[in-house]
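Engineer: okay, here's the prediction I keep looking at, along with the sequence it came from:
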Amino acid sequence: MRAALRRILAETACLDVPVDTLSDTDNLYAAGLSSLGTVRVMLAVEDALAVEIPGELITFDLFQCIDSLASALAPLLRQESVASRQCAAARR
């Protein structure tokens, strides 16, 4: 997932530094992430990963670094995966 997040950041965040120079714990705001960039990243993440980020998770801390994004998204992706399997089983 971190590779997907890095690709999304590179394509949408308009950072001051190349994404490939950042570690997973480097501060994205210090790297130039703006409020507009945050919205772009959020929408791209939701689209690319087919997940909806709940409003209560959308905080400054969520977009602090790649690790914080990945940690918050992991349980959401697991929930989506379980829901998809349940829907598929119900259709059989």
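Structural biologist: Looks like it came in fine. What you see is a predicted model, and the numbers here were worked out from it, not measured in a lab. Residues are numbered from 1 along each chain as shown.
Engineer: enumerate the positions of stretch 44-58 that are buried.
Structural biologist: Counting neighbours by 16 or more other Cβ atoms under 10 Å, one finds that the buried residues in stretch 44-58 are A44, V45, L49, I53. The C-beta positions use only the backbone N, C-alpha and C, and glycine is treated the same way.
Engineer: quick one: contacts for the third one?
Structural biologist: What that stands for is L49. Listed by Cβ atoms under 8 Å, 6 or more residues apart in numbering, the contact set of L49 reads M1, A4, L73, L77.
Engineer: again, only using 7 Å
Structural biologist: Going by Cβ atoms under 7 Å, 6 or more residues apart in numbering, L49 touches A4, L73, L77.
Engineer: in helices only, show me these.
Structural biologist: Those of these mapping onto helices are A4, L73, L77, per DSSP state H.
Engineer: is the first one in contact with A48, as I believe?
Structural biologist: Yes: proximity of A4 to A48 meets the contact threshold set by Cβ atoms under 7 Å, at 6.3 Å.
Engineer: hmm, back to that, nearest to T59, of the contacts of L49?
Structural biologist: L73 (13.7 Å; Cβ to Cβ).
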